[in-house]
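Novice: Can you look at this prediction? I've put the sequence above it.
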Amino acid sequence: MRRTKIVATLGPGSCSPDVIEAMIRAGVDVFRLNFSHGTHEEQRQRHALIRACSEKVGRVVGVLADLQGPKIRTGRFVDRRVQLIRGERFILDADLGDDEGTNERVGITYKDLPKDVRPGHLLLLDDGRVELEVVEVQGNQIHCVVGYSCELSDNKGINLKGGGLSAPALTDKDKQDIKAAAALGVDYVALSFARSAEDVHRCRDYVRKAGSDAGIVTKVERGDAIDNIDEIIVASDVIMVARGDLGVELGDAELPAIQKSCIKKARDLNKVVITATQMMESMIDNPIPTRAEVFDVANAVLDGTDAVMLSGETAVGRYPVKVVQAMSRICEHAEQQSAARLSDHRVHLMFGRVDEAIAMATMYTANHLDVAAIASLTESGATALWMSRISSGIPIYALTRHHKTQRKVALYRGVYPVNIENNRIGPINVTQSVIDVLLSRDIVSKGQRIIMTRGDLMGEKGAGTNAMKIVDIPA
């Protein structure tokens, strides 16, 4: 069974019921709704399709609403594109109209950009393809020198090399999108361009005020975020290593070490981590991945990521089902390596909670005993999350009556949600009930051994797991 989860973005290339159903069967665990594009009504329709297809296939999938964040882009050109010449001057003009760009200047969507830059700063446009060095700032005009000859077209993103832009992580549009996402009942909300833990707390407050208990996914895509990465991870439920803007701001050579560090820190702090951006980019137009993409996905798996994400590959690509199948296949093979099954997670630390101690003891026992599966009866999914921080080849089944919990744990590495209708059963019958559920779903077979975890006060949220039991299923 594949332990690493797959997040796939819905878009024009994947919005039909047949394609969504096929993607679920191919292995998608969480669908991403990109609120940078489309109306709230379109997102509502996509969300409804996901839920309907999930029920039809009989497989639990989560939904992640990805907020746009501050839009820091150039305006548009009169002729749609211009040719920039190395060494010549070019102006980013906050006072220029959105459609008035010429070969001398262009407007910008973020009007405070002139306040954030000074001479010597390097501005990178269009994912780093255009390099502009700031030579002076005159009012709302940023005068630059072109680094090398290139073409610049409409609406290209702007990054400051090294980070430091002061644009707020949450915009007015994001706040409206949070309300729309909360009304849909999404399982996760992704915050774009966060710089600090305070940004994460502010996003969580808005999500809660909107009536949602969705998990907060913080996208690590600013250079500033790396300086505050520990506090950001602690404040978040999930972090996403978004390698696009991050690579532009910090340089592509820095990315591998940053990715490995972020994954390790997240797991050490008992948080979930997604690796994203250009993982299978060539499959937007091609039916097979490049060898470099195969290595990229496999290395993320070996690093310990909970999930790998597809963006344009499934949103606008020609082969949305094939790319999911390819990614699933690569993950499965990478997980066979011994490095993906070894862990020293928290072995030298004291545990602060009883349920965390039970989770750690369960995984240690499972990894040193002939065990077919772990069955965790859970209300919130917390015990299953802690278990999933330990590298192992043993599947963890989160048995819960709460559909929201089932969809949330769908993102956790090595955790598989199982619906159990009646959690309020006595201690004498609970073991047999769990065995019956696992046998009925062909998860285990007679004669095998499982480990079961549960709390004394089953069915009461917040009661916590306080018991572990080794069970031999009668032959």
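Specialist: Sure, I can see it.
Novice: And the helices in the stretch 151-300 of the chain?
Specialist: Counting by DSSP state H, counting those that start in this stretch, residue ranges of the helices within the stretch 151-300 of the chain are 172-184, 197-209, 223-227, 229-235, 243-250, 255-268, 291-303.
Novice: So, low pLDDT: which residues of the protein?
Specialist: 339-350, 422-428, 457-463 (pLDDT under 70).
Novice: domain assignment for it?
Specialist: What automatic domain parsing lists as the domains of the chain is 5-68+168-336, 81-160, 354-472.
Novice: will you turn the ones you listed into CSV that also has distance to G75 and mean neighbour count?
Specialist: (C-beta placed from N, C-alpha, C; glycine too.) Converted to CSV, these look like this (distance: least, CB to CB, whole Å; neighbours: other CB atoms under 10 Å):
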stretch, distance to G75, mean neighbour count
domain 5-68+168-336, 17, 20
domain 81-160, 3, 17
domain 354-472, 37, 19
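Novice: Which one, of those domains, ends up nearest to T74?
Specialist: domain 81-160 (4.9 Å; CB to CB).
Novice: about what we covered before: would you list the helices of the stretch 151-300 of the chain in TSV and tack on distance to V61?
Specialist: Formatted as TSV, the helices of the stretch 151-300 of the chain follow (distance: least, CB to CB, whole Å):
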stretch	distance to V61
helix 172-184	14
helix 197-209	20
helix 223-227	28
helix 229-235	25
helix 243-250	24
helix 255-268	22
helix 291-303	20
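Novice: which stretch among these comes nearest A8?
Specialist: helix 291-303 (13.4 Å).
Novice: how far does the longest helix along the chain sit from the chain's center?
Specialist: Secondary structure of the chain per DSSP state H: the longest helix is helix 40-57. Distance of helix 40-57 from its chain centroid, counting by CA atoms, centre = their mean, to the nearest Å, is 19 Å.
Novice: what's that helix in contact with?
Specialist: Contacts to helix 40-57, defined as CB atoms under 8 Å, 6 or more residues apart in numbering, come from residues 10, 15, 17, 20-21, 24-25, 31, 33, 35, 38, 60-61, 63, 65, 177, 180-181, 184-186.
Novice: List the ones among the residues you listed that fall in helices.
Specialist: Among the contacts of helix 40-57, the ones falling in helices (DSSP H) are 17, 20-21, 24-25, 177, 180-181, 184.
Novice: Of these, which is the nearest to V434?
Specialist: For those, the nearest to V434 is I24 (26.1 Å; CB to CB).
Novice: returning to what we had before: can you tell which of the helices of the stretch 151-300 of the chain is closest to G163?
Specialist: Nearest to G163, of all the helices of the stretch 151-300 of the chain, is helix 223-227, at 2.6 Å by CB to CB.
Novice: tell me which strands and helices that closest one is in contact with?
Specialist: The contact analysis (3 or more CB pairs under 8 Å, 6 or more residues apart in numbering; DSSP states H and E) places helix 223-227 against helix 243-250.
Novice: and the helix it packs on, what does it pack onto?
Specialist: strand 158-160, helix 223-227, helix 255-268.
Novice: So what touches it?
Specialist: 124, 127-128, 157, 159-163, 193, 220-223, 225-226, 254-255, 258-259, 275-278.
Novice: got the angle for that helix vs helix 255-268?
Specialist: If you take axes from the mean of the first three to the mean of the last three CA atoms, to 10 degrees, helix 243-250 sits at 120 degrees to helix 255-268.
Novice: For L92, see how far away the nearest residue to V437 once chain neighbours are set aside is.
Specialist: Closest residue in space to V437, ignoring its immediate chain neighbours: I420 at 5.8 Å, by CB to CB, 6 or more residues apart in numbering. Distance of I420 to L92, given as CB to CB, to the nearest Å: 58 Å.
Novice: go on, I142?
Specialist: To L92, I142 is 4 Å away according to CB to CB.
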